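Asks: sequence plus the predicted model coming up.
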Amino acid sequence: MKNIKFPTAQTILLIIAAAVALLTWIVPAGKYDSLSYNKENNTFTRSNLESTKTLEASQETLEELHIKIPLEKFTNGDIWKPISIPDTYQEVEPRPQGVLAFFKSPVKGIIEAADIIFLVLIIGGLIGIMNLTGAFDAGIAWLAKALKGHEYVLIILVTSLVALGGTTFGLAEETIAFYPILIPMFLAAKYDAIVPLAAIYIGSSIGTMCSTVNPFSVIIASDAAGINWTTGLTGRIIMLFLGTLICIVYILIYANKVKKEPSKSIIFSQKEQIEALFGTSANATVVLSTRLRLILFVFAMCFVVMIFGVSQLEWWFLEMTTVFFVGAILIGFIAKIQEAKFVETFVKGAGDLLGVAIIIGIARGVSVLMEDGFISDTLLFHSSNITEGMNKGVFANVMLFIYGGLSFFIPSSSGMAVLTMPIMSPLADTVGFGREIIVNCYQYGMGLFAFINPTGLILASLAIVKVGYDKWLKFVTPLVILLTILTMTVLTIQVYM
């Protein structure tokens, strides 16, 4: 039994994909009608599998369809994806996904996730160029000296800043760029690789879980629920503060234990392997020259420009990828790297993250099987019926776990919002509390499960750090339990206030 190893991330996802394909043979196929807004001719389109109908884009049309969302939410672009129309669910002809569909799903997923995959590969190339210049070595050596005796500041700073990015503009996929940079810094501070992984991934997860102004989460969900996104904002800010505080304290306790006694590390057996992989050292002899300072400045500005573009200019993966590509070229010029050497290093750096890119594609393939098998709407329909006649305190907490379960199949926050909110939010009216509670259940349920969700970003993140999923579960499970207790308590209080 000792020789049996936990499966790799790719194998775990393929097993999940096979299970989902099997579900399409068991779960009845079903669909809700969908409604989408056409900006060009100012009309609605109502669609189902059999027909497409053009409707007048008016508030009356929305009311007739029992959609309690102001018309301007569609016309001003707040809701840009098709939404589900309440009370239109019907079973349809089964579309079970067979062996061929199963084998096609990773390829389809890679094609659908091409935008984020190219971002990952370009970032890999940029990291390769940065390593070649020696700027990381020099910068880490300088930082290690500056923080000597106060290395814990790095944990507080990184977790807080990433959480801030998560709560404001949904910093999630972009964090993949941070691991190769920050892991050497934490290793130089005598922590293990779990600590930077936790600071970045947990910071992002708690931030997006408690989104305050995140347009891809709370704003689109509130719009789809027919309420203003500021409704319930105070409660979410309190939840963000408490949740982030618990996460930071949890990481600090583990980090301090590992720093004092390295053998206490969950990944102690991989210590030498990980240190060799991220082979920078606090004792690096590279001097932080003016040229290297300029290179680090350009590198840092890539992230500043990316964050500004995403939060202010409506940028997405195409623009983000372009920023890192241009950054790599600029750094190559500043470092005076020969053209052939630049291309060779860039390609090798991209190749180092190819495994991560494939994991992202396979995870997307799971969603493809769900969509092609028409079982997503079936799960949503039966989930909405489970809560009928419940006490409102119990109702809110059951909704929390329903959303956690649904996020396994629909890991996209914006996709979950437009698919479920028109169906779920009216349930709040029947039990006697505000629709912002449903929005909170959606956010908190998805967020809690994101800490361990294998169809989300965690497996791709673990692949960069070379940490097994089983090791991550061992580390993070107590934290998830603590956060679940906090969330259920906060939700119950909010319901009865």
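Replies: That came through, no problem.

Asks: switch to C-alpha atoms for all contacts and neighbour counts from now on
Replies: Fine.

Asks: contact partners for S222?
Replies: N228, W229, E436, V439 (CA atoms under 8 Å, 6 or more residues apart in numbering).

Asks: next secondary structure after the host helix or strand of it?
Replies: Secondary-structure assignment from DSSP states H and E places S222 in helix 220-225. Counting by DSSP H and E, the next helix or strand C-terminal to helix 220-225 is helix 233-260.

Asks: check which element follows that next one along the chain.
Replies: Helix 233-260 is succeeded, C-terminally, by helix 271-277 (DSSP H and E).

Asks: touching whichever helix or strand comes after that following helix from outside, list them.
Replies: For helix 271-277, the following helix or strand on the C-terminal side (DSSP H and E) is helix 290-312. With contacts defined as CA under 8 Å, 6+ apart, helix 290-312 is touched by 133-136, 138-139, 169, 315-316, 319-320, 323-324, 327, 330-331, 334-335.

Asks: that older thread, turn the contacts of S222 into a markdown table, including pLDDT, distance to I155 and neighbour count.
Replies: Formatted as a markdown table, the contacts of S222 follow (pLDDT from 0 to 100; distance: CA to CA, whole Å; neighbours: other CA atoms under 10 Å):
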| residue | pLDDT | distance to I155 | neighbour count |
| --- | --- | --- | --- |
| N228 | 80 | 35 | 17 |
| W229 | 80 | 31 | 20 |
| E436 | 90 | 32 | 24 |
| V439 | 93 | 30 | 29 |
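
Asks: report the backbone C-alpha coordinates of stretch 313-322 in CSV.
Replies: Listed in CSV are the C-alpha atoms of stretch 313-322, where the atom choice follows Å, rounded to 0.1, in the frame of the first residue of the first chain:
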residue,chain,number,x,y,z
LEU,A,313,-10.6,49.3,-19.3
GLU,A,314,-12.6,46.0,-19.6
TRP,A,315,-9.5,44.1,-20.7
TRP,A,316,-9.6,40.3,-20.7
PHE,A,317,-7.2,37.5,-21.6
LEU,A,318,-6.2,38.8,-25.1
GLU,A,319,-5.0,42.1,-23.7
MET,A,320,-3.5,40.6,-20.5
THR,A,321,-1.5,38.1,-22.6
THR,A,322,-0.3,40.9,-24.9
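
Asks: quick thing: my sequence starts at 55, can you match it?
Replies: Okay, using 55 as the starting number, the last item reads as stretch 367-376.

Asks: pLDDT (mean, whole number) over it?
Replies: Regarding stretch 367-376, the rounded mean pLDDT is 81.

Asks: any regions of the chain where pLDDT drops low?
Replies: 55-60, 190-191, 194-195, 198, 223, 228, 333-340, 364-365, 484 (pLDDT under 70).

Asks: among the contacts of helix 344-366, which are located in helices?
Replies: If you go by DSSP state H, the contacts of helix 344-366 have 187, 189-190, 192-193, 223, 373-374, 377-378, 381, 384-385, 388 in helices.

Asks: quick one: contacts for A471?
Replies: A471 touches S271, I274, A275, A278, Y496, counting by CA under 8 Å, 6+ apart.

Asks: check the offset of the helix or strand hosting E114 from the chain's centre.
Replies: Using DSSP H and E, E114 sits within helix 113-118. Relative to the centre of its chain, helix 113-118 is centred 34 Å away, using CA atoms, centre = their mean, to the nearest Å.

Asks: if you count neighbours, what's buried in it?
Replies: Judged by neighbour count (16 or more other CA atoms under 10 Å), helix 113-118 contains these buried residues: L116.

Asks: again with stretch 141-152
Replies: Y143, P148, R149, P150, Q151, G152.

Asks: likewise stretch 326-333?
Replies: I328, E329, F332.

Asks: with distance to W79 added, can I get those residues in CSV?
Replies: Shown next, in CSV, are the buried residues of stretch 326-333 (distance: CA to CA, whole Å):
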residue, distance to W79
I328, 42
E329, 46
F332, 45
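
Asks: just name the closest of those to E114, please.
Replies: Set against E114, the nearest of the buried residues of stretch 326-333 by CA to CA is F332 (59.9 Å).

Asks: surely the closest one is in contact with Y233?
Replies: No: between F332 and Y233 no contact is recorded; they are 10.1 Å apart, counting by CA atoms under 8 Å.

Asks: circling back to that earlier point, please spell out the PyMOL selection for the buried subset of the contacts of helix 344-366.
Replies: Here is the PyMOL command that selects the buried residues among the contacts of helix 344-366 (16+ other CA under 10 Å):
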select buried, resi 187+188+189+190+192+193+223+374+377+378+381+385+389
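
Asks: the spatially most central residue of the chain and E114, how far apart?
Replies: Centroid-nearest residue in the chain: A226, 4.3 Å away (criterion: CA atoms, centre = their mean). Per CA to CA, to the nearest Å, A226 is found 38 Å from E114.

Asks: please report the distance of E117 from P124.
Replies: 10 Å.

Asks: my bad, should have said T108
Replies: On the measure of CA to CA, T108 and P124 end up 19 Å apart.

Asks: same check on F449?
Replies: Taking CA to CA, one finds F449 at 26 Å from P124.

Asks: for the residue nearest to the residue nearest to the centre of the chain when sequence neighbours are not counted, grab phi and psi.
Replies: Nearest residue to A226 in three dimensions, chain neighbours excluded: S258, at 5.8 Å (CA to CA, 6 or more residues apart in numbering). With angles defined as degrees, to the nearest 10, S258 sits at phi -60, psi -40.

Asks: could you do the one 10 residues further on as well?
Replies: Dihedral pair for N268: phi -70, psi 110, per degrees, to the nearest 10.

Asks: which ones are touching it?
Replies: Contacts of N268 by CA under 8 Å, 6+ apart are G220, T221, T222, F223, G224, T262.

Asks: dump the ones in helices among the contacts of helix 344-366 to JSON lines, plus distance to K244.
Replies: Output for the ones in helices among the contacts of helix 344-366, formatted as JSON lines (distance: CA to CA, whole Å):
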{"residue": "T187", "distance to K244": "24"}
{"residue": "A189", "distance to K244": "20"}
{"residue": "F190", "distance to K244": "17"}
{"residue": "A192", "distance to K244": "17"}
{"residue": "G193", "distance to K244": "16"}
{"residue": "F223", "distance to K244": "32"}
{"residue": "E373", "distance to K244": "36"}
{"residue": "M374", "distance to K244": "32"}
{"residue": "V377", "distance to K244": "32"}
{"residue": "F378", "distance to K244": "30"}
{"residue": "G381", "distance to K244": "30"}
{"residue": "L384", "distance to K244": "33"}
{"residue": "I385", "distance to K244": "29"}
{"residue": "I388", "distance to K244": "32"}
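
Asks: out of those residues, the closest to M478 would be?
Replies: F223 (24.1 Å).

Asks: secondary structure element for V448?
Replies: Going by DSSP H and E, V448 is in helix 446-463.

Asks: can you show me the helices along the stretch 105-254 of the chain?
Replies: Ranges of helices in the stretch 105-254 of the chain, per DSSP state H, counting those that start in this stretch, are 113-118, 126-129, 153-166, 168-187, 189-200, 206-223, 233-242, 248-263.

Asks: kindly compare burial across these and name the winner.
Replies: Ranked by mean neighbour count, the helices of the stretch 105-254 of the chain are led by helix 248-263 with a mean of 28 (mean count of other CA atoms under 10 Å).

Asks: could you check the distance from V377 over to F232?
Replies: V377 is 15 Å from F232, by CA to CA.

Asks: my guess is the residue nearest to A226 meets I230, correct?
Replies: No: taking contacts as CA under 8 Å, S258 lies outside contact range of I230: 10.7 Å.

Asks: is it possible to get a markdown table of the buried residues of stretch 141-152 that adds distance to I170?
Replies: Formatted as a markdown table, those follow (distance: CA to CA, whole Å):
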| residue | distance to I170 |
| --- | --- |
| Y143 | 32 |
| P148 | 32 |
| R149 | 29 |
| P150 | 28 |
| Q151 | 26 |
| G152 | 27 |
